[in-house]
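In: Turn this into a model:
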Amino acid sequence: MRTEPATATPAPGSLAARTSALAAEAGPSRQPSPWRSNVRSVLKHVGLVTLAVVMIYPLIWLLVSSIKPTDLIFRDLSLIPAETDFTNYTEGWNALARPFGHYLMNSAIVVLGSLLGNLVACSMAAYAFARLEFRGRKLWFAIMLMSIMLPIHVVIVPQYILFSQVGWINTFWPLIVPKLLATDAFFVFLMVQFFRGIPRELDEAARLDGCGHGRIYARIMMPLALPALATTAIFTFIWTWNDFFSQLIFLTSPDMHTAPVALRTFLDSTGQSSWGPMFAMSIVSIIPVFLAFLFGQKYLVKGIATTGIK
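Out: So this is what the prediction gives:
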């Protein structure tokens, strides 16, 4: 005759007994209601869409105002214009002493020079801090980090005096040459953190093959640091293209003005404010920044997300 095996009963007061008692009191676990989950998801998306509309509203208003007659821009604040005037773009393009494309070209020259300087100089400085051993490395790295806290208004006067003495005022050199000296400490710090995440075994293997620091930097570090370089390039492009203060200080001649400085002249070039043409040229000036972010956002997110990961 076959008998069933006896089930072991936990001793009273034991951990197993207390666990069983708590499980019996709790009863079956409750699953979240699908209806509540859907409501939370809808509310979350509504909140995100509302926040996005609030953030993008100024840009939409600027775009709509660029096709309104100047006398209706501040009288009709709706996003659906009662009257359109596309001549703001043609008038704005030719309103200044030079066509607006001339000022866009000046901005492009400054941006390209700054891009080249930051990509080369900041990456070389970052490689030195991340891979080379030299006296006072930690001290110099700390000083470099502290320079991030210096506002531009502190250094702009000494820079102006220096560049004035060498005859660089009203040229693009004061805006480009400092970039060639790795003065943007933020990008140096960004690349240092990225280089520190690259295994040192790659350096050791390259040295066994006879590579020096120059070839390691050019053949190994730079290709692997593409996300950090792309992040540096995008931020440099946006910050330099939108820069107004330093370009206003160093570029005194109207022929040397960049796009941000040229936009300011719409307010007093004819003795009255040309809001419509100025808004139209503002939209034209935003397009390069928008395209840079659109095509580089993948590398931007990847560069920021992977910086510092080891």
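
In: When you work out contacts or count neighbours from here on, use the C-alpha atoms and nothing else.
Out: Will do.

In: Point to the residue nearest the middle of the chain.
Out: Per C-alpha atoms, centre = their mean, the C-alpha nearest to the average position across the chain is that of F235, at 4.1 Å.

In: From D184, how far out is it?
Out: F235 sits 11 Å away from D184, going by C-alpha to C-alpha, to the nearest Å.

In: now N118
Out: Note on N118: its distance to D184, by C-alpha to C-alpha, is 7 Å.

In: cool, and F163?
Out: Distance from F163 to D184, by C-alpha to C-alpha: 18 Å.

In: Who has more neighbours out of those two?
Out: D184 (20 against 17; other C-alpha atoms under 10 Å).

In: still on that earlier bit, ok, now how distant is the residue nearest to the centre of the chain from V120?
Out: 15 Å.

In: show me where the stretch 201-310 of the chain has helices.
Out: 213-216, 222-224, 226-241, 245-250, 259-264, 275-306 (DSSP state H, counting those that start in this stretch).

In: Adding distance to K44, write these out as a markdown table.
Out: Putting the helices of the stretch 201-310 of the chain into a markdown table (distance: least, C-alpha to C-alpha, whole Å) gives the following:
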| stretch | distance to K44 |
| --- | --- |
| helix 213-216 | 48 |
| helix 222-224 | 38 |
| helix 226-241 | 30 |
| helix 245-250 | 40 |
| helix 259-264 | 38 |
| helix 275-306 | 23 |
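
In: Looking at those helices, which is nearest to G197?
Out: Within these, the stretch nearest G197 is helix 275-306; the backing value is 8.6 Å (C-alpha to C-alpha).

In: Could you name the helices and strands sitting against that closest one?
Out: On a contact count with 3 or more C-alpha pairs under 8 Å, 6 or more residues apart in numbering; DSSP states H and E, helix 275-306 meets helix 34-65, helix 87-93, helix 226-241, helix 259-264.

In: got a markdown table for the helices of the stretch 201-310 of the chain, with distance to P81 and mean pLDDT too?
Out: Shown next, in a markdown table, are the helices of the stretch 201-310 of the chain (distance: least, C-alpha to C-alpha, whole Å; pLDDT from 0 to 100):
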| stretch | distance to P81 | mean pLDDT |
| --- | --- | --- |
| helix 213-216 | 59 | 89 |
| helix 222-224 | 50 | 89 |
| helix 226-241 | 30 | 91 |
| helix 245-250 | 33 | 92 |
| helix 259-264 | 23 | 91 |
| helix 275-306 | 13 | 82 |
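
In: what's the closest of the ones you listed to L150?
Out: helix 245-250 (14.8 Å).

In: which helices and strands does the closest one pack with?
Out: Judged by 3+ C-alpha pairs under 8 Å, 6+ apart, the packing partners of helix 245-250 are helix 173-176.
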